[in-house]
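>>> I need the structure of the sequence given here:
(one chain, ligands or ions: 1)
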Amino acid sequence: MQVYLYGANVTSWKNDHGEELLFVSSKAVFKPPKAIRGGIPICFPQVGGLGNFEQHGFARTRVWTIDQNPPPLQESNSYRAFVDLILRPSEGDFKFWPHSYEFRLRVALTPGGDIILISRIRNTNRDGKPFTFTYAFHTEVRVEGLETMDYLDNLKGKERFTEQADALTFESEVDKTYVSTPNKIAIIDHEKKRTYVVWKEGMPDAVVWNPWDKKAKAIADFGDDEYKHMLCVEPAAIEDPIPLKPGEEWTGRMHLSAVPSSYCSGQLDPKRVLYGTNCCIYLIAVWQRVSTVSSIT
Ligand SMILES: O=P(O)(O)OC[C@H]1O[C@H](O)[C@H](O)[C@@H](O)[C@@H]1O
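Predicted structure coming up:
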């Protein structure tokens with residue numbers, strides 16, 4: 001596993017066979033002002049382009065520091081390998097967002113090779129002011145199991161629809177925010193015969209994005225054909241921004257697991273996939289090479 005201090009982005013995660021499990025564009029730029037195109041970017045304090053911030057907020061374009069002395073977390077028994085990072089506002093940030101906060105991110109690797117990301121965001125304002133924020137993590141795929149979910153179509157002015165298709169397949173650009181989704185999502189990569197299981201807490205929504213061919217060509221740090229190898233599925237808190245009063249802390253958690261799958265279309269038993277693995281997750285955004293996503297209720 002590799003974590004950049006720039007953006008606190010997990011840019012590499014490999015399985016026992018040394019296969020890379022996260023997507024990073026061949027055109028990714030690993031320095032400001034662009035966020036790293038791929039890995040697990042963190043969208044905070046805003047997801048998307050609305051509001052006062054740059055697209056997806058500033059957390060993904062700041063240099064984080066290692067947190068030597070983080071407050072204890074109750075659940076550290078399931079892993080021993082981890083790093084704690086912290087982001088605090090710099091002087092210049094107050095121009096964009098006049099709030100004090102501490103954003104702690106723990107990136108952990110379990111003995112079985114799963115990733116756990118735990119975000120803790122605390123309001124440290126001394127002037128008594130509350131703030132709200134939205135938050136997300138990214139992933140890539142054909143999607144099944146979200147068919148009855150409501151979503152806001154970001155390509156149609158965030159109009160609300162209910163998913164009707166039997167499964168989400170990608171034949172054109174997609175950019176949807178599914179709202180109030182289950183906390184467990186399985187992503188099946190047919191080609192690689194691999195299933196990713198995401199267990200998220202604290203993030204009720206999920207964004208699904210693939211730029212498809214035209215937009216891919218228009219994105220400078222994205223290869224023309226890379227849309228064929230990725231799908232972005234982002235556990236997120238978007239519809240209802242998270243409110244924090246001074247002294248309050250929000251925790252979001254994502255557990256990401258990759259297991260071999262023998263999935264054939266229509267035969268997915270997500271419960272078996274899920275319970276066959278040992279996972280639980282908190283997340284903002286992950287990018288992966290996958291071909292199916294299934295939400296599990
Ligand atoms: O190019 P970026 O700022 O990294 O955003 C990439 C994509 O992220 C999300 O999935 C949004 O829903 C999309 O609207 C956006 O295009």
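>>> what does the stretch 51-200 of the chain have sitting close to the ligand?
With Cβ under 6 Å from any ligand atom as the criterion, the stretch 51-200 of the chain comes near the ligand at residues 55-56, 154, 175. Yep, even glycine has a C-beta here, placed from its N, CA and C like the rest.
>>> neighbours of R160, just the number please.
12 (other Cβ atoms under 10 Å).
>>> then stretch 86-100 to PDB, C-alphas only?
Taking C-alpha atoms only, stretch 86-100 is exported to PDB below (Å, rounded to 0.1, in the frame of the first residue of the first chain):
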ATOM      1  CA  ILE A  86      -3.900  15.100   9.900                       C
ATOM      2  CA  LEU A  87      -5.000  18.200   8.100                       C
ATOM      3  CA  ARG A  88      -5.500  21.600   9.800                       C
ATOM      4  CA  PRO A  89      -6.400  24.800   8.000                       C
ATOM      5  CA  SER A  90      -3.600  27.000   6.800                       C
ATOM      6  CA  GLU A  91      -3.800  30.900   7.000                       C
ATOM      7  CA  GLY A  92      -4.800  31.100   3.400                       C
ATOM      8  CA  ASP A  93      -7.600  28.600   3.800                       C
ATOM      9  CA  PHE A  94      -9.600  31.000   6.000                       C
ATOM     10  CA  LYS A  95     -10.300  33.000   2.900                       C
ATOM     11  CA  PHE A  96     -12.300  30.100   1.400                       C
ATOM     12  CA  TRP A  97     -13.700  28.700   4.600                       C
ATOM     13  CA  PRO A  98     -13.500  30.700   7.900                       C
ATOM     14  CA  HIS A  99     -13.500  27.700  10.200                       C
ATOM     15  CA  SER A 100     -11.000  25.800  12.400                       C
END
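>>> buried stuff in it?
86-87, 89, 93, 96-97, 99-100 (16 or more other Cβ atoms under 10 Å).
>>> which stretches of the chain have low pLDDT?
The chain contains residues with pLDDT under 70 at 50, 76, 138-148, 164-170, 188-191, 261-297.
>>> gap between the lengthiest strand in it and the chain center?
Looking across the chain with DSSP state E, the single longest strand is strand 231-244. Put simply, strand 231-244 sits 9 Å off its chain's centre (Cα atoms, centre = their mean, to the nearest Å).
>>> check stretch 197-215 too.
7 Å.
>>> ok, stretch 199-217 next?
8 Å.
>>> who touches the most far-flung residue of the chain relative to its centre in this structure?
No residue in the chain sits farther from the centre than D127, which is 31.6 Å out by Cα atoms, centre = their mean. Applying Cβ atoms under 8 Å, 6 or more residues apart in numbering to D127 gives no contacts.
>>> what is the neighbour count of the residue in the stretch 51-200 of the chain positioned nearest to the ligand?
Nearest to the ligand in the stretch 51-200 of the chain, going by Cβ to the nearest ligand atom, is Q55, at a distance of 4.1 Å. Residues near Q55, counting by other Cβ under 10 Å, number 14.
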